[in-house]
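Visitor: only geometry, no sequence info:
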Ligand code: HEM
């Protein structure tokens, strides 16, 4: 560097320059070495990939749009403008073709997880599966996690979901039935989170954390995570932030088991529960994910990390899907009535006791219900920006004819895939469940294979996919058979925020009992 500096200064006689001129020359030199040169080399790596010029030299454009409008809408607009491969930040490209997404998630493609995955590590010495970037270690771990998510495990999970449905119905009965004489509105955005958090903790720890019973935030967990969630969107753009967060002194700001409130309480809950199972006198032989994972020989410290991940991965995503599905139904009265009619017909012909929660097997047979769930996942896919990037392997790769050097981060724009007009029809931007019933079986299969990418694919596929579909599938019939739900007239209208998942603010609804309602089920 000194040689170069000498070369730059050589045309001048140092004695002929004033101090301020020397400072100016050195400043230009430093600017060139530390800012312009890296920017040029960053830009040139992927200069052949289409995208806005500014995005190719700085991640701040993406970060700005993410903060302003949300990542999904922004990345979707870039895909529409630039085609199947778009450069969204200097080192990130996004594809809008399902086949390519499936390819880079497959075992054979040998891609690894992108840098954002580092953010999902709470203990820097340990990894949960979702945070593992090394392919061999994640393959080993996933092999041990998978058995719990099928067969008997899934049956027990179904019982736990049923119990939380009963808790939800009990909450509605206790506090939220409106009549012409009494108006008792519910803010549904948070109640959806209470439901999914209680499901996921019941499945993981054997008992719910207690959000529904309290009808409120437990240990300020939600208050604090709501601030953190939008950061996921930004981290896709600013991976260096992830590294800084894992460096002293910022590590001091990371949540820990000693915290009295927020995310640290979840860490403590997970550590305590795992420790309890390790005691010789522990009696909790029942199925839950802690016992199942320990039985597979996963190190207890790693089981703690898996539990924490589950609570995060399994609650925000599913509650977002629950909220947007209800929102879609409330704003499409025709669909609401059709679903209600299907649900009524099912229960009218069912021999089950009114207290039994509908089985998952029956849920899968309700065609309009399935169409509604698929349609809402289609119109509002989760994480449709660059949140779950993967990294191109050492060999580099060629995608759509574009050479991507090793280390390039790549992601799929789900919204571009799930609103593709050639597959879903000219009205792909609107919620219309009928499209699923109109499509011939081959087309319907392709449509679902695309929408299913909400849960990722290949070696990254979501472990909780069936659990999430079960929660959504059971919640609607059990609620709609008993109550009419209507939006309320708020002075401040509802707003849907894109914060990796979908977060409606001010989502107030009114529950009234239906004339033909069956009795609310008791716990
Ligand atoms: C609508 C609901 C859900 C959606 C859209 C969803 C989406 C996803 C996606 C996209 C991934 C892959 C991330 C990546 O590529 O790195 C993932 C992974 C994961 N999800 Fe879900 N998820 C949902 C519900 C759940 C539930 C209910 C649970 C469990 C209680 C869960 C547990 C997990 C776990 C453990 C992983 C990590 C899998 C791995 O790293 O191989 N998810 N999910």
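Guide: That came through, no problem. Source: prediction; values computed, not measured.

Visitor: so residue 511 versus the ligand, what's the distance?
Guide: 23 Å (Cβ to the nearest ligand atom, to the nearest Å). Any C-beta I mention is one placed from the backbone N, CA and C, and that applies to glycine too.

Visitor: ok, residue 126 next?
Guide: 15 Å.

Visitor: let the chain start at 751 from now.
Guide: All set: I'll call the first residue 751, so the last point we hit is now residue 876.

Visitor: so what's the residue count around that residue?
Guide: If you count neighbours by other Cβ atoms under 10 Å, residue 876 ends up with 16.

Visitor: what score does the residue nearest to it when sequence neighbours are not counted have for pLDDT?
Guide: Spatial nearest neighbour of residue 876, chain neighbours left out: residue 1055 (4.8 Å); criterion: Cβ to Cβ, 6 or more residues apart in numbering. In this model, residue 1055 is scored at 94, pLDDT.

Visitor: now swap in the one 3 residues further on and tell me
Guide: According to the model's per-residue confidence, residue 1058 sits at a pLDDT of 92.

Visitor: show me where the stretch 851-1000 of the chain has strands.
Guide: 862-863, 936-937 (DSSP state E, counting those that start in this stretch).

Visitor: what do you get for the chain?
Guide: Ranges of strands within the chain are 835-839, 842-845, 862-863, 936-937, 1140-1141, 1147-1149, 1152-1154, 1159-1162, 1233-1237, 1245-1249, 1251-1255, 1258-1263, based on DSSP state E.

Visitor: what pLDDT, on average, does the second one get?
Guide: Per-residue pLDDT values across strand 842-845 average out to 96.

Visitor: what about that strand and the ligand, touching?
Guide: No: judged by Cβ under 6 Å from any ligand atom, strand 842-845 stays clear of the ligand, getting no closer than 14.0 Å.

Visitor: packing partners of that strand?
Guide: helix 821-832, strand 835-839, strand 1159-1162 (3 or more Cβ pairs under 8 Å, 6 or more residues apart in numbering; DSSP states H and E).

Visitor: any chance of these in CSV, plus mean neighbour count and mean pLDDT?
Guide: Output for these, formatted as CSV (neighbours: other Cβ atoms under 10 Å; pLDDT from 0 to 100):
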stretch, mean neighbour count, mean pLDDT
helix 821-832, 21, 93
strand 835-839, 26, 96
strand 1159-1162, 25, 95
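
Visitor: JSON lines for those, including distance to the ligand?
Guide: Formatted as JSON lines, those follow (distance: least, Cβ to the nearest ligand atom, whole Å):
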{"stretch": "helix 821-832", "distance to the ligand": "13"}
{"stretch": "strand 835-839", "distance to the ligand": "17"}
{"stretch": "strand 1159-1162", "distance to the ligand": "9"}
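
Visitor: which residues does the residue nearest to residue 876 contact?
Guide: 871-873, 876-878, 881 (Cβ atoms under 8 Å, 6 or more residues apart in numbering).

Visitor: cool, and residue 1123?
Guide: 1071, 1075, 1219, 1222-1223, 1226.

Visitor: mark which of those residues are buried, thanks.
Guide: 1071, 1075, 1219, 1222-1223, 1226 (16 or more other Cβ atoms under 10 Å).

Visitor: give me the number of neighbouring residues for the residue of the stretch 1101-1250 of the chain found nearest the ligand.
Guide: Nearest residue of the stretch 1101-1250 of the chain to the ligand: residue 1214, at 2.0 Å (Cβ to the nearest ligand atom). Neighbour count of residue 1214, defined by other Cβ under 10 Å: 21.

Visitor: before we move on, what about residue 1169?
Guide: With other Cβ under 10 Å as criterion, residue 1169 counts 21.

Visitor: contacting residues for it?
Guide: 826, 1128-1129, 1178-1179.

Visitor: residue 1203 too?
Guide: 848, 851-852, 1131, 1162, 1164, 1167-1168.

Visitor: try residue 1237
Guide: Applying Cβ under 8 Å, 6+ apart, the residues contacting residue 1237 are 1080-1081, 1244, 1258-1260.

Visitor: mind listing what's buried in whichever helix in the chain runs longest?
Guide: If you go by DSSP state H, the chain has its longest helix at helix 1050-1080. By neighbour count with 16+ other Cβ under 10 Å, helix 1050-1080 contains the buried residues 1052-1080.

Visitor: any idea how far the residue nearest to the spatial centre of the chain lies from the ligand?
Guide: In the chain, the centroid-proximal residue (Cα atoms, centre = their mean) is residue 1067; its distance is 4.5 Å. The spacing between residue 1067 and the ligand, counted by Cβ to the nearest ligand atom, is 3 Å.
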